[in-house]
Each structure stands twice: as structure tokens, then as C-alpha cells.
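Enquirer: Give me coordinates for this.
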Amino acid sequence: MTDKAFVYTELQISAPFDQAPWPDINAAIKKQPGFINKTWLSGFGSQSLGGFYEFDSLENAKLFVTEYFPNEAAHFGVAQMTRLFDGAVIENASRDINSVHFGTSLPKAPAAFVYTEVQVSVPFETFPWQERNAVLKSVPGILGKTWLSGLNTRTLGGIDAFDSLESAQDFALRVFPKTPAKLGAAYITRVFDATVTETASRDMNSPFYI
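Expert: Next up is the predicted model:
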């Protein structure tokens, strides 16, 4: 099992991605302890700025969310959201559904990403991910998924790659809400346009483009 950790970030800002100073930000992030890769995220409709990161350990991921990233948000003068996830407990489930963070290559570059998180506290070891993966594999347009288990909170979520914005929107708006409804739980969905962030993500060794 891996010791890696994942981080999700989003800034409360609206800016066309081509106006974002991503080369400078990339250079700074590459210097952070334990950094492995980043996939940039640009909110579909909102043009929020964010990212999905992989770190070599929970310790280094914690340093990033407590020291580096709050300063980055303050530099922009905006509020921010960070979420920290344990990369070890979700390895098998993620491998089973073509996670690029565990060695799978996608058949094509993603056109969109969907971030999900359900407000429940469930130890991932007890979660029936095999059943859920079987359902997800039949979702139109899905290319792969990295499961997410919140550090300390044990929330359930994921970052999913889709072949089109239309497929991603359909999943986020029509398909996914049925799952938290069954659990009687609130949830988060975010849809991101992957086409505008590809160059910046490639510069950060994003595994979605390998």
C-alpha cells in the first residue's frame, strides 16, 4: 500500500484560466516538500481556480495545506477551500476503476473533471466500493476515478475524469445526486473544464496526460 496523500484546493475567485499566472504558481509549487504532481482545475461556469495534488506523504500534504496554500490564497485576496485525503486506504478501489494516480493510462485526454464529496463519515475499509465501482463503470463518458477518503473526517468522494463536459454535467446533475439521497446526506459536486488547463497541468506532471 502507498503512503501518498491527495489535496483538493479551490479559490473563491472567478478568472479566465488564460489570465491566471500559472507558470509562476507552478514554479513555486514544484519546490514544496513531497510534491509529486498537480492537475489544475478551472470551474465550469464559475471560472474558479483550483487543483488536485498528489504528495508523497500525509505529513508533506499537511504542510502544504497549512503553510503554503493559505499564503497563496491571501496573495490573491480571496477565501479558499482545501481538503486533505488519505491515499493509502483508497488504493485498491482506485486501481479497479482506472485511476491515473495508481498507474493507469487513460485512452484519451479528459475533457472534464468532476469532484464529489458526500457528508458522511465512513471508514473506507468498510465501504462496499466493489459494488459502487460496478455501477460507475457503466456511467456514460467516465474515463477513470480516484477515490477520496477524508483525513480525520472519513468523507467519501472522488475526482472523476470524463470524455466531455456534457457527460460530466449529466453525472454531476442527474446521476450522482441519487447516491447521497439514498444516504440522507448533503454533498458537494464541482465540474471543471479540463481543456483550458491541459498545458498548465502537463507542466505539473499531471498523470491524466501520461
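
Enquirer: Can you give the domain ranges for this protein?
Expert: Domains of the chain are assigned by automatic domain parsing as 5-86, 91-193.

Enquirer: Distance from the first one to the middle of the chain?
Expert: The offset between the C-alpha centroid of domain 5-86 and the centroid of the whole chain comes to 11 Å, using C-alpha atoms, centre = their mean, to the nearest Å.

Enquirer: hang on, the earlier thing: how about the domains of the chain, which one is nearest Y209?
Expert: Closest to Y209 of the domains of the chain, according to C-beta to C-beta: domain 91-193, at 6.0 Å. Yep, even glycine has a C-beta here, placed from its N, CA and C like the rest.

Enquirer: And the average pLDDT for that closest one is what?
Expert: For domain 91-193, mean pLDDT rounds to 97.

Enquirer: now the end-to-end length of it.
Expert: Using C-alpha to C-alpha, to the nearest Å, the end-to-end distance of domain 91-193 comes to 26 Å.

Enquirer: where's that domain relative to the chain centroid, distance-wise?
Expert: That offset, for domain 91-193, works out to 9 Å (C-alpha atoms, centre = their mean).

Enquirer: Which parts of the chain are helices?
Expert: 22-29, 58-63, 69-76, 91-95, 129-136, 165-170, 178-183, 198-202 (DSSP state H).

Enquirer: How about residues contacting stretch 91-102?
Expert: The contact list for stretch 91-102, computed with C-beta atoms under 8 Å, 6 or more residues apart in numbering, reads 1-2, 4, 6, 54, 87, 103-104, 106, 124, 127, 129-130, 133, 136-137, 143-147, 161, 207-208, 210.

Enquirer: Using neighbour counts, trim these to the buried set.
Expert: By neighbour count, with 16 or more other C-beta atoms under 10 Å, the contacts of stretch 91-102 hold 2, 4, 6, 54, 87, 104, 106, 124, 127, 129, 133, 136, 143-147, 161, 207-208 as buried.

Enquirer: follow-up on the earlier one: where strands are concerned, which of the contacts of stretch 91-102 count?
Expert: Assignment to strands by DSSP state E places the following of the contacts of stretch 91-102 there: F6, E54, L143, G144, K145, T146, W147, A161.

Enquirer: Now flag whichever of those residues is closest to F35.
Expert: The closest of the ones in strands among the contacts of stretch 91-102, once distances to F35 are taken by C-beta to C-beta, is E54, at 8.0 Å.
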